[in-house]
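K.L.:
This is a predicted model, with the sequence first.
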Amino acid sequence: MMTRDAPIGVFDSGLGGLSVLDAMRARLPNESMVYIADSGYAPYGEKTDAFIRQRSKAIADWLVERGAKMIVVACNTATTHAIGYLRSSLTVPVVGVEPGVKPAAFATVSGIAGVLATAATLRSDRLKALIAEHEARCRFVCQAGHGLVEQIEQGRLDGAIVDDLLTRYLTPMANAGADTVILGSTHFALLAATVRRLFGNRFALIETGSAIARRVQALLHEASLTAHAHAPGSVEYFSTAHSAEQRQPLVAIASRLPMSGPQLSVAYAHIAHALADA
């Protein structure tokens, strides 16, 4: 039987889900969490739909085997391609992330919003449906953030390459009149400070970490799975990156986030998958 003090399992293709984890820790300080970065197989944005679905299931199964009472898919790409499959095949609640199309449509004054997302998210039926639902109110300028995930996976949230990519991707949005940008990947939410440095207050930035944390809190309450409030929750970090050196970027980025402690470690997790890399 699932206990209240069991951990919440959180996973992403790599490090982007740390932005969601941080929001969850801020809102749910008594909850223990297990975070796994699938950095050995990142980025998902260039993978096939079938690979993303099977890989997400393998990781979710691993988290459930470790006793997770809930799974948070802290990855836009995995959510768009695997959330239905996970919900139909797991016995624990599953929470996904969704690009902030609706809040962007209501936040924009100019009526134009940019969408910075992975290629896989941009081609997904879910994102297309969200845009179609709100296109009467807002015009969306979409851009795949090629290369950004790879930089973040190396622990870089700024610097010449990141600055150049963001400038290249966001300047056309500004020129098109966008006053709002959806950071349509949990990876890209980690770049908010860099976007503000480069573009000042040109854009209102939409990310969904806080909304996910509220949804998790509500579902825990509904399922009577809220942790007892007797002590702060703990966090365990895992990565599918093989070497300690390859796992170091997770330590570097997590250590910079507001809710992380000064010292943390990342263990290696071997998670087999059914499909060959694609």
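P.N.:
Received it, and whenever you're ready, just let me know what you need.
K.L.:
Which secondary structure element of the chain has the lowest mean pLDDT?
P.N.:
None of the helices or strands of the chain scores lower by mean pLDDT, DSSP states H and E than helix 119-122, at a mean of 88.
K.L.:
now that one: how far from the chain's centre is it?
P.N.:
The chain centroid and the centroid of helix 119-122 are separated by 14 Å, computed with CA atoms, centre = their mean, to the nearest Å.
K.L.:
Let me see the ranges of the strands in the stretch 51-200 of the chain.
P.N.:
Ranges of strands in the stretch 51-200 of the chain, per DSSP state E, counting those that start in this stretch, are 70-73, 94-96, 112-117, 139-144, 180-183.
K.L.:
So for Glu150, which of the ones you listed sits nearest?
P.N.:
Minimum separation from Glu150 across those (CB to CB) falls at strand 139-144, 12.8 Å. In short, each C-beta sits where N, CA and C put it, glycine included.
K.L.:
Other residues contacting the closest one?
P.N.:
Residues outside strand 139-144 that contact it (CB atoms under 8 Å, 6 or more residues apart in numbering): 45, 101, 104, 111-119, 122, 131, 134, 169-170, 172-173, 176, 178.
K.L.:
Most tightly packed of the strands of the stretch 51-200 of the chain?
P.N.:
Ranked by mean neighbour count, these are led by strand 180-183 with a mean of 28 (mean count of other CB atoms under 10 Å).
K.L.:
and that strand, what does it pack onto?
P.N.:
helix 101-107, strand 112-117, helix 192-199, strand 204-206 (3 or more CB pairs under 8 Å, 6 or more residues apart in numbering; DSSP states H and E).
K.L.:
Including mean pLDDT and distance to Ala231, could these go into TSV?
P.N.:
Below are the helices and strands packed on strand 180-183 laid out as TSV (pLDDT from 0 to 100; distance: least, CB to CB, whole Å):
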stretch	mean pLDDT	distance to Ala231
helix 101-107	96	34
strand 112-117	97	38
helix 192-199	97	31
strand 204-206	97	34
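K.L.:
Select, out of the ones you listed, the one closest to Thr80.
P.N.:
So among the helices and strands packed on strand 180-183, strand 112-117 is nearest, using CB to CB, at 9.3 Å.
K.L.:
Please tell me how far Pro7 sits from Val92.
P.N.:
11 Å (CB to CB, to the nearest Å).
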